[in-house]
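predicted model and sequence below, questions to follow.
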Amino acid sequence: MSRGFVKEDDLEHAGTDLPERPVSAHPNYVTPAGLAQLESQAQALAQERLTLSKRKDDPTANQRFGVIERDLRYISARLENAILVDPAQQDQHTVLFGAHVKVEDETGEVSGFIIVGEDEANIAEHKVSYISPIARALIGRKVGDSVIWQRPAGNLQIDIIEIHYGK
């Protein structure tokens, strides 16, 4: 779009009316690593906010400042409501929060998952939220149990072949 169609005032205020990040209604269970991750994010955002506060005349910095403020409110709310769960204190024979679970599907493919809090979930690291369909199917089960994982691609029967807690 041509600069002729953009009002300068609009550019200065762009990004300052951001919607809040939605906070989950579920309890905010966190592993020790998840709590450390939230604390690290809060510290990084606070440091970036301090750096940007020195550039008040820069519209781009002001836009980024608004994003940081919003994200800090979200992280602060998550930290305030965090419920720390130590995986080492869980029943080692049952799939619970913090478990490392190895499963085998009906085709013989073996997969592993770590059940973590919502903010810690990262499928690239095989970390799934405790409210995800796979975690809900596994929680409360033991080695040797078979469960049906209800997925959009179709239900899949999986067998729990290993449970452990820790690294």
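All right, it came through fine. Numbering: from 1, shown residues only.

contacts for the helix or strand hosting G34, please.
Secondary structure assignment for G34, by DSSP states H and E: helix 32-52. Residues from elsewhere that reach helix 32-52, judged by C-beta atoms under 8 Å, 6 or more residues apart in numbering: 30, 61, 64-65, 68-69, 71-72, 75-76, 78-79, 82, 84, 86, 116-117, 119-120. Heads up, the C-betas are built off the backbone N, CA and C, glycines and all.

for it, buried residues please.
Neighbour counts using 16 or more other C-beta atoms under 10 Å place 33-35, 37-38, 41-42, 45, 48, 52 of helix 32-52 among the buried residues.

just the C-alphas of that helix, formatted as CSV.
Output of helix 32-52 as CSV, limited to C-alpha atoms (Å, rounded to 0.1, in the frame of the first residue of the first chain):
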residue,chain,number,x,y,z
PRO,A,32,10.2,-27.9,37.8
ALA,A,33,11.5,-27.4,34.2
GLY,A,34,8.2,-25.7,33.2
LEU,A,35,8.4,-23.4,36.2
ALA,A,36,12.0,-22.5,35.3
GLN,A,37,10.9,-21.9,31.7
LEU,A,38,8.2,-19.4,32.8
GLU,A,39,10.5,-17.6,35.2
SER,A,40,13.2,-17.4,32.4
GLN,A,41,10.6,-15.9,30.0
ALA,A,42,9.5,-13.4,32.6
GLN,A,43,13.1,-12.3,33.2
ALA,A,44,13.8,-12.0,29.5
LEU,A,45,10.7,-10.0,28.8
ALA,A,46,11.4,-7.7,31.8
GLN,A,47,15.0,-7.1,30.5
GLU,A,48,13.7,-6.3,27.0
ARG,A,49,11.0,-4.0,28.5
LEU,A,50,13.8,-2.1,30.3
THR,A,51,15.8,-1.8,27.1
LEU,A,52,12.9,-0.6,25.1
